[in-house]
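Undergrad: sharing a model prediction with you, sequence too.
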Amino acid sequence: MMLMLCAQEKVPWNKPGVHCTCMAGLGLSCSHVGALLWKIEYAVRKSMTGVSCTDETAKWNRGTTRNIEPKPLVSIQLKKPKLGENMMGNESVPGLRDTPFYVSKEEFKEAINASPMLSLFEIKRTIMNKSFKSNPSVRTKESIEQVHGEHNDLSSCAKCVQFFSKYVFLTDSQVVRLQTETTLQSKSTLWKDCRKLRITASSAHKVPVKETTDSTNFIREHLHPKFVGNKYTKHGQQGEIDAKVYLNSNGHQIQEKGICVSQQENWLSASPDGIFDGQSLLEIECPVPSSSWSTLDQLFESGKYDVGKDENGDLVVKEKGSRGIYLQVQLTMYCTGLKQCKLLVWLGVDEHKYIDILYNETYVNNQVTRLKNFYVKKTSSMFS
């Protein structure tokens, strides 16, 4: 027996387009069709059928396992795949070129002569034959300019020298002017643009330590940041405002600063939270309480924060903390020329701690050397 449902305008039993091939159905007297329609109606009424991809507006193509949709250019990795790399599973790849690409006419002819399609190119009075037999109207250059890649010295690349002389290298007066014109920091477009051209103290801990580590994600996020903030950043911004109000009300002077470009290394910059009483760097951290801690002492004793206690019970900042606070304040002191930092960990007026940090010249020199090597070798080619 077989039931067939089809669309017809005139059908018996007032059941549109339904037929049954059983003996009773051929005599237009079976109940199979009625039973089937009753079951369908019952399943729909009891919400037993679920929702298909066509039941929702503009969802016709959402039911497939993998939808091919356009991606933003910043999400596409324009790089040559490694030997043996599975490209079909990589969503960042824009597409693979399956058509051969030839640089010269001679290379093109040589490939066609060795191809099984040679006979097609030899058919006279065809476009394929004309392209194969004719000479190019324009001669190519003898030497093709190589793609700008990695190098170990900025001065060895004329392209880099030109770009950095125009956009990165600053005079002492320009450094001071930039500080005053970007005091609004994240609210300033100039501040955001200047950060893209340089490694910043706040992002330095994200720079890959090993040369073999793929730096694509760091560079892409640095040049085209997608992060626009969340509840934690809003908490930190409000906490910084409250902390400065508290400090000012207690007689301390907080000098606002914009982006501070290192006068020794113009590719490095920092944006301090402020200058404390004219002589110390001010860095404000506003951790968000969680179910595992509610006081700063509990946070410091957990061992999961950048601030902990030494053998004497004094508060110290870990050099290799997961948040990179120590590296950030050391590089910020390097860019500002200050020799000490007042770190304020802030939960509120009744719950905050001060930690004094001295400038560590040996540590900073090692970090600046590492970051400069990365900047020159990896990042500079992205700019120029």
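TA: Nice, thanks for sending it over. Because the structure is predicted, anything quoted here is derived from the model rather than measured.

Undergrad: for the stretch 51-200 of the chain, which segments count as helices?
TA: Ranges of helices within the stretch 51-200 of the chain are 105-113, 118-121, 127-133, 158-167, 172-181, 189-196, based on DSSP state H, counting those that start in this stretch.

Undergrad: quick check, Ile357 in a strand?
TA: Yes: the assignment for Ile357 (DSSP: H, G, I helix; E, B strand; the rest coil) places it in a strand.

Undergrad: who does it form a beta bridge with?
TA: Following DSSP bridges, Ile357 is listed with bridge partners Cys341.

Undergrad: list the contacts for it?
TA: Val317, Tyr326, Val329, Gln330, Gln340, Cys341, Leu343 (C-beta atoms under 8 Å, 6 or more residues apart in numbering). (Each C-beta comes from the backbone N, C-alpha and C, glycine too.)

Undergrad: which of those residues count as buried?
TA: Judged by neighbour count, with 16 or more other C-beta atoms under 10 Å as the criterion, the buried members of the contacts of Ile357 are Val317, Tyr326, Val329, Gln330, Cys341, Leu343.

Undergrad: may I ask which two of these are separated the most?
TA: Gln330 and Leu343 (11.4 Å; C-beta to C-beta).

Undergrad: about what we covered before: need the buried ones among the contacts of Ile357 in TSV (columns: pLDDT, distance to Lys39 and secondary structure).
TA: Formatted as TSV, these follow (pLDDT from 0 to 100; distance: C-beta to C-beta, whole Å; DSSP: H, G, I helix; E, B strand; the rest coil):
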residue	pLDDT	distance to Lys39	secondary structure
Val317	95	70	strand
Tyr326	96	70	helix
Val329	97	72	helix
Gln330	97	74	helix
Cys341	96	75	strand
Leu343	96	71	strand
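
Undergrad: just give me the closest of those residues to Asn266.
TA: For Asn266, the closest of the buried ones among the contacts of Ile357 turns out to be Gln330, at 18.4 Å, with distances computed as C-beta to C-beta.

Undergrad: thought the closest one was touching Asn360?
TA: Yes: Gln330 is within contact range of Asn360, at 5.8 Å (criterion: C-beta atoms under 8 Å).

Undergrad: most centrally placed residue in this protein?
TA: Geometric centre of the chain, nearest residue: Glu221, 3.4 Å, by C-alpha atoms, centre = their mean.

Undergrad: in the chain, where is pLDDT below threshold?
TA: The chain contains residues with pLDDT under 70 at 1-19, 25, 27-28, 47, 49-101, 138-151, 154, 380-384.

Undergrad: in it, which spans are strands?
TA: Secondary structure of the chain (DSSP state E): strands at 3-5, 18-20, 199-200, 254-255, 260-261, 268-270, 274-276, 280-285, 307-309, 315-317, 340-348, 351-358.

Undergrad: most widely separated two among the contacts of Ile357?
TA: Tyr326 and Gln340 (13.8 Å).

Undergrad: now tabulate the strands of the chain in TSV and tack on distance to Glu240.
TA: As requested, these are arranged in TSV below (distance: least, C-beta to C-beta, whole Å):
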stretch	distance to Glu240
strand 3-5	67
strand 18-20	71
strand 199-200	17
strand 254-255	10
strand 260-261	17
strand 268-270	16
strand 274-276	9
strand 280-285	5
strand 307-309	17
strand 315-317	18
strand 340-348	8
strand 351-358	12
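
Undergrad: and the ones you listed: which comes nearest Tyr334?
TA: Checked against C-beta to C-beta, the stretch from the strands of the chain lying closest is strand 268-270, at 7.6 Å.

Undergrad: if we can go back for a sec, make JSON lines out of the buried ones among the contacts of Ile357 and add distance to Asn230.
TA: Formatted as JSON lines, the buried ones among the contacts of Ile357 follow (distance: C-beta to C-beta, whole Å):
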{"residue": "Val317", "distance to Asn230": "25"}
{"residue": "Tyr326", "distance to Asn230": "24"}
{"residue": "Val329", "distance to Asn230": "23"}
{"residue": "Gln330", "distance to Asn230": "27"}
{"residue": "Cys341", "distance to Asn230": "27"}
{"residue": "Leu343", "distance to Asn230": "23"}
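
Undergrad: of those, closest to Lys109?
TA: Relative to Lys109, and with distances defined as C-beta to C-beta, the nearest of the buried ones among the contacts of Ile357 is Gln330, at 61.7 Å.

Undergrad: ok, now how distant is the closest one from Ala201?
TA: Distance, Gln330 to Ala201, by C-beta to C-beta, to the nearest Å: 8 Å.

Undergrad: now swap in Tyr359 and tell me
TA: Distance from Tyr359 to Ala201, counting by C-beta to C-beta: 13 Å.
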